[in-house]
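*Asks:* Here's a sequence, model it:
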Amino acid sequence: MDRRDFIRNGTLLGSLVAITGIGINSACSAQTTNALADDLPFKKIVKTDAEWKKILTPEQYRITREAGTEMPYTSPLNDIKEKGIFACVCCDLPLFSSKTKFESHTGWPSFYAPIRKINVREKIDKSLLETRTEVLCNRCDAHLGHVFDDGPEPT
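*Replies:* Below you'll find the model as predicted:
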């Protein structure tokens, strides 16, 4: 499914803080990472809902901790054209480079690859009528968006 079909169907879901891209509704081509916490090059971050609510805005919490969707064209990340790194709003793990950002014409920042495959993980999402692939930060499990196959190579 491509993101334009997804939007036309009126079932928008999944975007983040900083991302809509990884082949993802948020757009990227990340591989599934089923690594055990012991195999990760970073320590997993686990917080209670109350702890997350203390450090995130209500909108950041809704999107990243409850798999919400920001309204299209509302993210300040859409307008960022400078070179740089897009990091997780919850744990600051580097997720995407500006080199892999592309214009998806959907109103969400989109990326076709993560900085490191291990930094993101994919999860099957059956919350709507169709099965989708959700992308999460692999350090803190923040919702980043969904994979879509309509981006530039290598998505």
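*Asks:* where along the protein do the helices fall?
*Replies:* Under the criterion DSSP state H, the chain carries helices at the ranges 3-8, 49-55, 58-66.
*Asks:* okay, now residue 40: neighbour count?
*Replies:* If you count neighbours by other Cβ atoms under 10 Å, residue 40 ends up with 15. For glycine as for every other residue, the C-beta is placed from the backbone atoms N, C-alpha and C.
*Asks:* and it, how far is that from residue 95?
*Replies:* Separation of residue 40 from residue 95 (Cβ to Cβ, to the nearest Å): 14 Å.
*Asks:* Same question for residue 129.
*Replies:* As judged by Cβ to Cβ, residue 129 and residue 95 stand 28 Å apart.
*Asks:* And residue 110, by the same measure?
*Replies:* To residue 95, residue 110 is 13 Å away according to Cβ to Cβ.
*Asks:* residue ranges with poor pLDDT in this structure?
*Replies:* Residue ranges of the chain with pLDDT under 70: 1-38, 153-155.
*Asks:* swap the cut-off to 50 and go again
*Replies:* The chain contains residues with pLDDT under 50 at 1-35.
*Asks:* got the buried residues for stretch 76-91?
*Replies:* By 16 or more other Cβ atoms under 10 Å, the buried positions in stretch 76-91 come out as 77-78, 86-91.
*Asks:* For those residues, give me JSON lines that also has distance to residue 123.
*Replies:* JSON lines is the format used below for those (distance: Cβ to Cβ, whole Å):
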{"residue": "77", "distance to residue 123": "22"}
{"residue": "78", "distance to residue 123": "25"}
{"residue": "86", "distance to residue 123": "20"}
{"residue": "87", "distance to residue 123": "20"}
{"residue": "88", "distance to residue 123": "16"}
{"residue": "89", "distance to residue 123": "19"}
{"residue": "90", "distance to residue 123": "16"}
{"residue": "91", "distance to residue 123": "17"}
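*Asks:* out of these, who's nearest residue 120?
*Replies:* Taking Cβ to Cβ as the measure, residue 120 lies nearest residue 88 of the buried residues of stretch 76-91, at 9.3 Å.
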